[in-house]
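Student: Quick one: sequence and predicted model below, then my questions.
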Amino acid sequence: MKCIIKKRHRKYFLFSLVLCTISASIVLLSKSKNTLEEKQMLKIALPFDIRSLDIAFSHDDTSTHVMNMVFEGLVRRDVNDMPKPAVAETIEISEDKRHYVFYLRDCKWSDGRDVTAYDFEFSWKRSLDPTSKYLTHLPHYFHPIKNAKSCLLGKCPIKDVAIHAIDEKTLSVELEYPAPYFLDIVALPCFFPLPKHVLEKEVNWGNNESVVCNGAFKLKHWKKGYLIDVEKNLHYWDKKNVYLDGINISIIGDVRTALMMYEKGSLDWIGSPFVTISYDVSSQILDREEEDILMHWLFVNTEKFPLNNKKLRKSLAYAINRTAIVDSIFHSLGVPSSTPIAPSMQLNLHPCFKDNDILSAQKLFQEALQEMGLSKEELPEIELSYIGDLEIQHRIAQAIQSQWREVLGIKKILLKRSEWAVHFNATVQGDYDLGFSMWNVSVLDPAFILEVFRNKTDPLNKSNWENKNYKKLLDKACFTENEHKRSQQLIEAESILMDEMPVIPLCCLKKRFAKNSKLKGEIISSLEFIDFKSAYFEKKLEEVSIPPLQHEKQISPCREMESAYQ
């Protein structure tokens, strides 16, 4: 299939790239040595160590923060959360929006070797090989690619997946159906390239300091459990627009310790998106707020007795007073939710169920006991698992435990605190009853939340639940181009999910953070992501006459080109 793009679209795309380059040059010239602090070293903290820098094992939020520093994909998000060219210099999209051709710019790995289209093909197909230990934990992000889903299910060989490097600078990708969000997907870490020339020799690549990367920064030092240091990557193609010399990342599990370090000037950033801190311990420090899409919910192990009873799951969900939790712990800096979909993406104008519905909860609880042939006293102990180092999860868990005791009379609710890695592995392996989760979506489309619960075999579907009608609706939504019809299909799927209740939604909280007043130029995404590529420390305003860098709200060339076909 020949990839076609109208000339006027190509001209606009190239003009936009030139304009962006000129703008960046002007900004660079305006930041002379007199406007910048001599020491350009950023200090931040993460609550947990990263699992790995291999995309196969780094899908958690903590690892993703570091992945975005040291790797770069075909596109990256701009200040408007729109994909803009990165390793791909130009992108061609066919008129039917089913064929993408990415033309790579001259880029280097941190060891000086060229980044090629073969590195992208190798990386993506490595994640899709069902026989490999590197199989992706995020299969639904690959589903739009032609034959990717079939390959994951073992129905076709990996060579049939429509990802092909035409030559070193050209990558061709065909889709099963038009996916207007495809460039948003390609910006995710699971679509980053991997250095094929290194991975063919190193088995444990990604778990030590010798990681070869292609981002604005590269790994300098990694003392596991304590600190991670990254430094400016001098082989990065856009190094002229990278102003920080490096980033010092401390691993600090206790939020009070981190707050104290920030107050002493030992950290330049505290709070979201790296860690959520309750209001009463941080109200005097976290002075900035932004809307967020980070959802708090409880996974329910639907294969474990007694939670395999739907009415019991629903009674637990209905008995929670989310409004009281948000008000008491977060001082109304959040939104109670009756769906796992973040407020900014919700399609249904009505709540999926009533918050703090005591009468319905008690009725369902009694019906559940009758179906199981149990008395209230005979109900087995139920464990509510969460990450012990996260103070916010501990407080929410305590509130829920108290509410279930008061509303349903359940006395045997055990709160189980674990380290992050222990909690994560237990929930993935199904060794839990109820598991606390903070869930961040990477694409602003509700389908990507609902897709988490498509298949019980998917690693991230920790509820071990699936439903045939639910999957049919998601399949229909993939191929439906009419936006209204697609929305209705997703609403129907959401209704099934909340009727079955394999996940108990809690709330969505605002981003709250504080930062060094001299730090400028960072991009804060609504997707729980922050880009420090062009961040810098400036001198105090009274010391310089040049104004600080301001991000202009611009239309992404990629998105403009794509929308031209709609």
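Tutor: Thanks, I have the structure now. Numbering: from 1, shown residues only.

Student: Please make it C-alpha for all contacts and neighbour counts, starting now.
Tutor: Fine.

Student: Show the contacting residues for the closest residue to Ser63 other than its chain neighbours.
Tutor: Computed as CA to CA, 6 or more residues apart in numbering, the closest residue to Ser63 that is not its neighbour in sequence is Ile50, at 4.5 Å. With contacts defined as CA atoms under 8 Å, 6 or more residues apart in numbering, Ile50 is in contact with 58, 62-63, 66.

Student: Would you mind measuring from Ile50 to Tyr226?
Tutor: Distance, Ile50 to Tyr226, by CA to CA, to the nearest Å: 11 Å.

Student: again, but for Glu391
Tutor: For Glu391, the distance to Tyr226 equals 20 Å [CA to CA].

Student: So those two - more neighbours on which side?
Tutor: More neighbours surround Glu391 than the other of Glu391 and Tyr226, with 18 against 13 (other CA atoms under 10 Å).

Student: before we move on, what SS does Thr323 have?
Tutor: helix (DSSP: H, G, I helix; E, B strand; the rest coil).

Student: And the pLDDT at it?
Tutor: Thr323 is assigned 95 on the pLDDT scale.

Student: again, but for Val18
Tutor: So, for Val18, pLDDT stands at 42.

Student: go on, the one 10 residues further on?
Tutor: pLDDT, Leu28: 44.

Student: if we can go back for a sec, now the residue nearest to Ser63: phi and psi?
Tutor: The phi/psi pair for Ile50 (degrees, to the nearest 10) reads phi -80, psi 150.

Student: again with Tyr177
Tutor: Per-residue torsions, Tyr177: phi -150, psi 160 (degrees, to the nearest 10).

Student: Look at it and say how many residues are nearby.
Tutor: Tyr177 is flanked by 18 other residues according to other CA under 10 Å.

Student: I'd say it and Arg98 touch.
Tutor: Yes: contact criterion CA atoms under 8 Å: Tyr177 and Arg98 qualify, at 6.1 Å.

Student: Now the common contact residues for these two.
Tutor: Counting by CA under 8 Å, 6+ apart, nothing touches both Tyr177 and Arg98.

Student: Nearest residue to Pro273 in space, please, no chain neighbours.
Tutor: Glu528 (5.3 Å).

Student: host element of the one you found?
Tutor: Secondary structure from DSSP states H and E places Glu528 outside every helix and strand.

Student: so what's it up against?
Tutor: Contacts of Glu528 by CA under 8 Å, 6+ apart are 272-273, 292-294, 440.

Student: can you rerun that using 7 Å?
Tutor: Going by CA atoms under 7 Å, 6 or more residues apart in numbering, Glu528 touches 273, 294, 440.

Student: thinking again about what came up before, now, which of the contacts of Ile50 lie within helices?
Tutor: Among the contacts of Ile50, the residues falling in helices (DSSP state H) are 62-63, 66.

Student: Just among those residues, which is most surrounded?
Tutor: Val66 (23 neighbours).

Student: and that residue, how far is that from Ala426?
Tutor: The spacing between Val66 and Ala426, counted by CA to CA, is 24 Å.

Student: same deal with Leu527?
Tutor: 26 Å.

Student: Closest one of the contacts of Glu528 to Gln346?
Tutor: Among those, Leu294 lies closest to Gln346 (CA to CA), at 13.3 Å.

Student: what residues are up against the closest residue to the closest one other than its chain neighbours?
Tutor: Spatial nearest neighbour of Leu294, excluding adjacent residues (CA to CA, 6+ apart): Asn440 at 4.8 Å. Taking CA under 7 Å, 6+ apart, we find Asn440 in contact with 293-295, 527-528.

Student: dump the residue contacts of Ser127.
Tutor: Listed by CA under 7 Å, 6+ apart, the contact set of Ser127 reads 56, 134-136.

Student: and the next element down the chain from the helix or strand hosting it?
Tutor: Using DSSP H and E, Ser127 sits within helix 117-128. Downstream of helix 117-128, the next assigned helix or strand under DSSP H and E is helix 148-152.

Student: What is the burial count for Pro351?
Tutor: 11.

Student: To which secondary structure element is the closest residue to it other than its chain neighbours assigned?
Tutor: Nearest in space to Pro351, with sequence neighbours left out and distances taken as CA to CA, 6+ apart, is Ser338 at 5.9 Å. Using DSSP H and E, Ser338 sits within no helix or strand.

Student: if I look at the closest residue to Phe48 other than its chain neighbours, how far off is Ala45?
Tutor: Spatially, and ignoring its direct neighbours in sequence, Phe48 is nearest to Ile251 (5.7 Å; CA to CA, 6+ apart). In this structure, Ile251 and Ala45 are 6 Å apart, going by CA to CA.

Student: dump the residue contacts of the residue nearest to Ala86 when sequence neighbours are not counted.
Tutor: Among residues not flanking Ala86 along the chain, Val75 sits closest, at 4.5 Å (CA to CA, 6+ apart). Going by CA under 7 Å, 6+ apart, Val75 touches 83-88, 186-187.

Student: Could you do Ile382 as well?
Tutor: Each residue near Ile382 by CA under 7 Å, 6+ apart is listed here: 412-414, 433.

Student: What of Lys411?
Tutor: Lys411 makes contact with Arg405 under the criterion CA under 7 Å, 6+ apart.

Student: So which bits of stretch 201-213 are buried?
Tutor: Across stretch 201-213, burial judged by 16 or more other CA atoms under 10 Å covers 205-207, 209, 211-213.

Student: which of those residues sit farthest apart?
Tutor: Farthest pair in the buried residues of stretch 201-213, by CA to CA: Asn207 and Cys213, 12.8 Å.

Student: Arg313 - that's part of a helix, no?
Tutor: Yes: looking at Arg313 with three-state DSSP, it is inside a helix.

Student: I'd guessed it sits against Leu307; true?
Tutor: Yes: using CA atoms under 7 Å, Arg313 is in contact with Leu307, at 6.1 Å.

Student: hang on, the earlier thing: just give me the neighbour total for the residue nearest to Phe48.
Tutor: Neighbour count for Ile251, taken as other CA under 10 Å: 19.

Student: Leu46 is in contact with that one, correct?
Tutor: Yes: assessed by CA under 7 Å, Ile251 is found in contact with Leu46 at 5.1 Å.

Student: Might you list the low-confidence residue ranges for the chain?
Tutor: Along the chain, the model assigns pLDDT under 70 to residues 1-37, 332, 540-566.

Student: Go again with 50.
Tutor: For the chain, the stretches with pLDDT under 50 are 1-30, 544-566.

Student: Confirm Trp222 sits in a strand?
Tutor: Yes: under three-state DSSP, Trp222 sits within a strand.

Student: need the contact list for it.
Tutor: Counted by CA under 7 Å, 6+ apart, Trp222 has contacts 209, 228-229.

Student: Which one of those is nearest to Arg126?
Tutor: Taking CA to CA as the measure, Arg126 sits nearest to Glu209 out of the contacts of Trp222, at 22.1 Å.

Student: wait, what's in contact with that closest one?
Tutor: 219-222.

Student: quick one: the helices in the stretch 151-300 of the chain?
Tutor: Ranges of helices in the stretch 151-300 of the chain, per DSSP state H, counting those that start in this stretch, are 182-186, 196-199, 255-263.

Student: how about the second one: buried residues?
Tutor: Neighbour-count burial for helix 196-199 flags Lys196 (criterion: 16+ other CA under 10 Å).

Student: next one: the first one
Tutor: Of the residues in helix 182-186, those with enough neighbours to count as buried (16+ other CA under 10 Å) are 182-186.

Student: what does the last one give?
Tutor: Of the residues in helix 255-263, those buried by neighbour count under the rule 16+ other CA under 10 Å are 255, 258-259, 261-262.

Student: possible to save these as a markdown table with distance to Leu153?
Tutor: Below are the buried residues of helix 255-263 laid out as a markdown table (distance: CA to CA, whole Å):
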| residue | distance to Leu153 |
| --- | --- |
| Val255 | 42 |
| Ala258 | 44 |
| Leu259 | 47 |
| Met261 | 49 |
| Tyr262 | 48 |
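
Student: Alright, that wraps it up for me.
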